[in-house]
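I'd like to go over a predicted model; first the sequence, then the structure.
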Amino acid sequence: MISPRIPPALKHRGFFLLWLGQLISIAGTQMQIWALFWHIRTLTHQPIALGGIGLARILPVILFSLIAGAVADSYNRRRVLFVTQISAALVALTLGLLTQFGHITLWHIYALTALQAVAVAFDGPARQALIPNLVPARDLPNAFSMTSIAFQAGAVIGPALSGFVIVLAGQQGVYYINAASFLAVILALALIGEVPQMRSAESRGVSWPAILEGMRFIATRPIILSSMILDFVATFFASANTLMPIIARDILQVGVVGYGWLSAAQSVGAVVAALIISQVHALRRQGPLFLWAVLIFGAGTIWFGLARSFLLAWVLLAVIGAADAVSTIIRNTIRQLQTPDYLRGRMTSVNQIFFQGGPQLGEIEAGVVAQLFGAPFAIITGGVGCIVGLGWIVAKWPQLMSYDEHEPELAGAAALPSPPE
């Protein structure tokens, strides 16, 4: 019998503090995301309005991500995170105040969501590039597994509580709790202290040549590029989270509390998958495992679109979440291990456009299809599109099917010395 072990990444003080802060903050963020969907559904009955929130969240990412990557490589990543966390907290506080005093409109929600997305655009590259500075390379896969656990555990707690908070404290209560939750990451960053960070000897700062350097790096790495494109294709077709209020209320006939539990299902599956991976000493045959995870993700989406039972729908969402977690952990580990530290921010910024652009643009696509043909049809065809896209990418980049451990072409990728324990 194998006894559980303390994940090695958590033995590093800096990572542990950031991980704990993220766990609390993500719960608040996820609570707000799902509450926003419900809020929009109470303001309008048009499915296309739910898709609009995806547009508000992705446009700032597309516009600012490449700049954000150069910022993360040129400036202190920890200080960048201070700014992004404070900004996101102020946006959540504003949402709460507008809602409490009865001034909130659909356009307020879109505008404030877009402002928060600007903070997210700068937060993602700095945060993901900071993680390899907090743990040695040998513990990086475990660090991303634990990061996934923090994200998904927060995504279980947040949506599950959102319904209760709305009932007990009103819609504004969710926004206030989210604003307070950002203090956890701000405190963690203060306690971590200064973090060593590698910069290129010929740093170009925040400039177009610096941005192009990161893009050229990705273009010459087929494993990194193909995993990004697959991530985009899969989530573009199979993302329909904004349709969840329609599925909950109109298809499964449940109220706001049932909606909250349904919204948390994917994260429950993801937490279980990430916990299992955190106990695995080394993941082998990452390429095939990654592809199988995407296939299960697409197939689970199809069956979810067909479900008419709350229990069956919940189980299928949990399976979808588990598959997505496995995919996320593998692709994040591959990209970070194969990228020199001085390029990690820029690599992550390009990746951010793919991994956020896919689901956010996919929400718009799902909203349009649902408006025309109904929510179940939008979800089912999305799952089919995910599987078709998977087949196309495997045919174009067959090396994904045999990928295992580090690619020889990147054996010399620069890295910082192991951080202190």
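Cool, the structure landed.

Can you tell me the number of residues neighbouring L252?
L252: 20 surrounding residues under other C-beta atoms under 10 Å. C-beta coordinates here come from the backbone N, C-alpha and C atoms, glycine included.

For the nearest residue to it once chain neighbours are set aside, what are phi and psi?
Take L252 and drop its neighbours on the chain: the residue closest to it by C-beta to C-beta, 6 or more residues apart in numbering is F310, 4.9 Å away. Here is the backbone geometry of F310 (degrees, to the nearest 10): phi -60, psi -50.

who touches F310 in this structure?
L252, V254, G258, L262 (C-beta atoms under 8 Å, 6 or more residues apart in numbering).

Also L20?
A184, A188.

so how far is A378 from the residue nearest to L252?
19 Å (C-beta to C-beta, to the nearest Å).

still on that earlier bit, against A248, how distant is the residue nearest to L252?
9 Å.

Now do the shared contacts for these two.
Common neighbours of F310 and A248 (C-beta under 8 Å, 6+ apart) are V254, G258, L262.

So for stretch 266-286, what gets flagged as buried?
266-275, 277-278, 283, 286 (16 or more other C-beta atoms under 10 Å).

Which parts of the chain are helices?
Under the criterion DSSP state H, the chain contains helices at 13-43, 47-74, 77-100, 106-134, 140-169, 171-192, 208-219, 222-238, 244-246, 256-278, 286-306, 310-337, 344-373, 375-396.

Nearest to Y403, out of these?
helix 286-306 (3.1 Å; C-beta to C-beta).

what's the spacing between the closest one and its chain's center?
17 Å (C-alpha atoms, centre = their mean, to the nearest Å).

name the helices or strands packed onto that helix?
helix 222-238, helix 310-337, helix 375-396 (3 or more C-beta pairs under 8 Å, 6 or more residues apart in numbering; DSSP states H and E).

phi, psi of Y75?
Torsion angles, degrees, to the nearest 10, at Y75: phi -120, psi 170.

How many neighbouring residues does the closest residue to R346 other than its chain neighbours have?
In this structure, R346 finds its nearest non-sequential neighbour in G214, 2.7 Å apart by C-beta to C-beta, 6+ apart. Around G214 there are 24 other residues, counting by other C-beta under 10 Å.

Just the pLDDT for G214.
Reading off the confidence values, G214 has pLDDT 83.

how far away is it from V233?
22 Å.

quick one on the thing from earlier: between the helices and strands packed on helix 286-306, which one is nearest to V61?
Comparing the helices and strands packed on helix 286-306 by C-beta to C-beta, helix 222-238 comes nearest, at 12.3 Å.

Give me the angle between that closest one and helix 344-373.
If you take axes from the mean of the first three to the mean of the last three C-alpha atoms, to 10 degrees, helix 222-238 sits at 30 degrees to helix 344-373.

what's the angle between helix 222-238 and helix 286-306?
In terms of direction (the same axes, to 10 degrees), helix 222-238 departs from helix 286-306 by 0 degrees.

Determine the set of other helices and strands touching helix 222-238.
helix 208-219, helix 286-306, helix 310-337, helix 344-373, helix 375-396.

how about TSV for these, with distance to Q152 added?
Converted to TSV, the helices and strands packed on helix 222-238 look like this (distance: least, C-beta to C-beta, whole Å):
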stretch	distance to Q152
helix 208-219	27
helix 286-306	14
helix 310-337	6
helix 344-373	15
helix 375-396	20
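
ranking the ones you listed by mean pLDDT, which is last?
helix 344-373 (a mean of 79).

now that one, how far from the centre of its chain.
Between the centre of helix 344-373 and the centre of its chain there are 11 Å (C-alpha atoms, centre = their mean).

Show me what that helix is packed against.
helix 47-74, helix 106-134, helix 208-219, helix 222-238, helix 310-337, helix 375-396.

wait, which of these is closest to F164?
helix 310-337 (17.4 Å).
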